[in-house]
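J.: turn this into a model:
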Amino acid sequence: MNNSKQDILNNLIKEPFINQRILAAQTGHSLGIVNRSIKELISEGYLDEEIRPTEKTLREAKEKAPKNAIILAAGFGMRMVPINTETPKGLLEIKGERLIERTIRQLHEVGITEIYVVVGFMKEQYEKFHKMLIDFAKSVGKKDPDVYVDSGNWKARQGGNGVKFAKNSIVNFERCVKESLAFNYELTREITPTLYEMFKPFGKIVEELGDKRLGEVYVVDKNSVSVLRLQGKMGTKNLKILVDHLELMRAKDADEAKRKLDCQITKYQMCLGCRACESVCRFGAIKVKTSREGEDINTMADYCIDDEKCKRCQECVGHFSVGCYMRKVLSIKR
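T.: Residues are numbered from 1 along each chain as shown. Sure thing, here's the model as predicted:
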């Protein structure tokens, strides 16, 4: 059976026949193809004289219908960055329902209950989600929680869990109450010396001036005037940035300064070594070294800015959307 006849037959199983023109519009085939296909389907015993599906059609449709499905959920989802850097794409919520929940529900609606999920990137998040559903089933008194969850009888719920997952964002920003130009960040990666490299476009890094108890580092201009300060101890995930001079950051107000800071924070947390930043700098100041073979794919790449070559033009800061080249599909070899 060719594709046109399959399309017409599937349509007639779902919708009653009205006339050939409507059927042609519904299937996207020409009127001539529809007329010829109907005649052939009648002669083959798939349609009766009133152009209704026969028992043979319904029996074969049931026998040939898919019995199982595989959901591919192992990819990075690069085109969804930065919203999926802490939560894999399949567990992102849209209108209170996770993407994988919606896919499973839609499969159940057409009778497919044997479903396999292939996971890879952040697979532990899916395992955690599965365990959360089982724990929920136990808490509401389900006799066999594993069967209840695996059969898909659970309902998508947002509530407290939705709030928990919403906190997993690329830049968890909180404005400091006391200082109008101070910004607090809760990072997803621990602070390392690589973080300082991200702020060299604003000035020279001077560690000696800072308060060591706070893990403070100064970023100064060519006249040794403080542009901003970074406060965060190595190995921790809490970072405070204080902007001392907006004009030296080339920012007209606090919002613009924050956008620039967000770009660099995003680079720090997202950099997997695509090396796109290298091509942005026309002075050749940026060098990115990817992780070596065998290392964790989530390992931070070595991101270095040469102080001698950097002209503080800040072209690299906002060149890409939200600071990092992850809007397009990337091919990263490791």
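
J.: switch to C-alpha atoms for all contacts and neighbour counts from now on
T.: OK.

J.: residues touching E49, list them.
T.: Residues near E49 by CA atoms under 8 Å, 6 or more residues apart in numbering: I42.

J.: I'd say V220 and E207 touch.
T.: No. Taking CA atoms under 8 Å as the definition, V220 is not a contact partner of E207, at 10.5 Å.

J.: the closest residue to L92 other than its chain neighbours: neighbour count?
T.: Closest residue in space to L92, ignoring its immediate chain neighbours: R98 at 5.3 Å, by CA to CA, 6 or more residues apart in numbering. When neighbours are defined as other CA atoms under 10 Å, R98 has 18 of them.

J.: I'd like to know how far R98 sits from R79.
T.: Per CA to CA, to the nearest Å, R98 is found 17 Å from R79.

J.: also T103?
T.: 19 Å.

J.: picking up where we left off before, neighbour count: V220 and E207, which is higher?
T.: A count of neighbours by other CA under 10 Å puts V220 above the other of V220 and E207, at 21 against 16.

J.: quick check, pLDDT for the more buried one.
T.: Looking at V220, its pLDDT is 91.

J.: residue contacts, it?
T.: So V220 contacts F202, G203, K204, I205, V206, S226, V227, L228 (CA under 8 Å, 6+ apart).

J.: from these, which two are the most distant?
T.: F202 and V206 (12.2 Å; CA to CA).

J.: where do the contact lists of these two overlap?
T.: Common neighbours of F202 and V206 (CA under 8 Å, 6+ apart) are V219, V220.

J.: who has more neighbours, the two?
T.: With neighbours defined as other CA under 10 Å, F202 and V206 compare such that F202 has more, 22 against 16.

J.: residues touching that one, list them.
T.: V219, V220, D221, V227, L248, M249, R312, Q314 are the contacts of F202 under CA under 8 Å, 6+ apart.

J.: give me phi/psi at the residue lying closest to the fifth one once chain neighbours are set aside?
T.: Distances taken as CA to CA, 6+ apart put V227 closest to L248, at 5.9 Å, once the chain neighbours are dropped. Backbone dihedrals for V227, given as degrees, to the nearest 10, come out at phi -90, psi -50.

J.: what does the one 5 residues further on give?
T.: Torsion angles at G232 (phi, psi; degrees, to the nearest 10) stand at phi -180, psi 130.

J.: in its sheet, what does the helix or strand containing L242 sit against?
T.: Secondary structure from DSSP states H and E places L242 in strand 238-243. Strand 238-243 has the following strand partners under DSSP bridges: strand 182-186 (antiparallel), strand 226-231 (antiparallel).

J.: could you list the low-pLDDT ranges of this protein?
T.: For the chain, the stretches with pLDDT under 70 are 84-85, 136-137, 139-140, 148-180, 272, 290-300, 321-334.
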